[in-house]
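A.B. asks: One predicted model, sequence on top.
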Amino acid sequence: MEPVIQDLGRIGYDEALAVQRALHARVVAARDGGPAEPMHLLVLEHDPVVTVSRRPGAAANLIATPAMLERAGVSVRETDRGGDITYHGPGQLVAYAIFDLNRLGIGIHGHMRLLEEIVLGTLATFGIAGERDATATGVWVGPAPLRKICALGVRASRYVTMHGLALNVSPDLSHFGLIVPCGLVGRPVTSMAAELGESCPNFNAVRDELAKQTQRRVAELLERARATAAKAT
């Protein structure tokens with residue numbers, strides 16, 4: 001069943017980006033008549049890193065000095081995804097989706113909603129009522145003030161996506177103090193561990209549930225796309 005799930009374990013940002021780019025090229029080539037290639041979901045943890053998009057003003061949301069970053073053991077990388085600035089590190093579940101939007105029958109906004117649905121379903125399995133915020137992308141936990149538990153940032157080229165989501169399972173939340181997360185001033189960040197305490201599931205359980213949610217929801221979209229194509233003929 002698509003997508004193929006690949007667990008990269010703990011990996012550097014640059015190395016994971018290279019894997020994404022290679023898979024993206026394969027999915028695009030398959031559409032153009034190359035060898036058959038499924039869609040992919042990469043699940044992983046990153047070494048501590050702040051990623052800054054090319055959005056104007058995003059770099060200004062890095063508030064830590066080089067010395068502070070060095071003490072925290074956090075590197076900085078520019079990224080070609082959408083969004084602003086975010087932090088990745090151990091205890092945070094990152095999922096990169098290499099999806100063919102044409103095959104799924106959705107556009108980029110539908111893809112963002114798909115990723116949010118996957119996270120909402122994962123959180124619900126473990127007793128957390130996540131929610132959307134109409135004013136900000138991602139998944140949040142209430143009551144007010146809403147606390148961000150999952151950040152989203154994607155890129156699409158030739159209608160094949162890269163990048164994806166970062167769900168805070170049990171990361172070091174103090175590292176988010178190095179930045180203005182997602183460029184949203186005054187919006188707190190939380191994690192599953194902060195919300196659930198001792199009842200927080202382990203990382204592997206969350207990873208496996210997110211993979212199941214992804215496969216189920218992608219299968220639904222593929223079936224819907226096939227039904228729509230059949231009606232058109």
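C.D. replies: Yes, it's here.
A.B. asks: How confident was the prediction at Asp32?
C.D. replies: Reading off the confidence values, Asp32 has pLDDT 85.
A.B. asks: how many other residues sit next to it?
C.D. replies: The criterion is other C-beta atoms under 10 Å. On that basis, Asp32 has 7 neighbouring residues. Any C-beta I mention is one placed from the backbone N, CA and C, and that applies to glycine too.
A.B. asks: Need phi/psi at it.
C.D. replies: Geometry field for Asp32 lists phi and psi as phi -90, psi 10, criterion degrees, to the nearest 10.
A.B. asks: which residues does it contact?
C.D. replies: Asp32 sits next to no residue when contact means C-beta atoms under 8 Å, 6 or more residues apart in numbering.
A.B. asks: measure it to Leu23 for me?
C.D. replies: Relative to Leu23, Asp32 is positioned 15 Å away (C-beta to C-beta, to the nearest Å).
A.B. asks: and if you look at Pro66?
C.D. replies: Between Pro66 and Leu23 the distance, using C-beta to C-beta, works out to 33 Å.
A.B. asks: Low-confidence stretches in this protein?
C.D. replies: 1 (pLDDT under 70).
A.B. asks: Can you give me the buried ones in whichever strand in it runs longest?
C.D. replies: Longest strand in the chain by number of residues, with DSSP state E as the criterion: strand 147-157. Within strand 147-157, the residues that count as buried by 16 or more other C-beta atoms under 10 Å are Arg147, Lys148, Ile149, Cys150, Ala151, Leu152, Gly153, Val154, Arg155, Ala156.
A.B. asks: what does stretch 190-209 give?
C.D. replies: Buried positions in stretch 190-209, judged by neighbour count with 16+ other C-beta under 10 Å: 190-196, 200-201, 203, 206-209.
A.B. asks: Compare neighbour counts for Pro66 and Leu23 and give me the winner.
C.D. replies: Between Pro66 and Leu23, counted using other C-beta under 10 Å, Leu23 has the larger neighbour count: 21 against 8.
A.B. asks: ok, the more buried one - contacts?
C.D. replies: If a contact means C-beta under 8 Å, 6+ apart, then Leu23 has His40, Leu42, Ile98 as its contacts.
A.B. asks: any idea how far Thr122 is from the second one?
C.D. replies: What that stands for is Leu42. Between Leu42 and Thr122 the distance, using C-beta to C-beta, works out to 16 Å.
A.B. asks: Give me the most central residue, this protein.
C.D. replies: For the chain, the residue sitting closest to the mean C-alpha position, by C-alpha atoms, centre = their mean, is Leu165 at 0.8 Å.
A.B. asks: what's that one sitting at in phi/psi?
C.D. replies: The main-chain torsion angles of Leu165 are listed as degrees, to the nearest 10 and equal phi -130, psi 160.
A.B. asks: The closest residue to Ala30 other than its chain neighbours: neighbouring residues, count only.
C.D. replies: With sequence-adjacent residues excluded and distances taken as C-beta to C-beta, 6 or more residues apart in numbering, Ala30 is closest to Glu37, at 3.7 Å. Counted with other C-beta under 10 Å, residues neighbouring Glu37 total 17.
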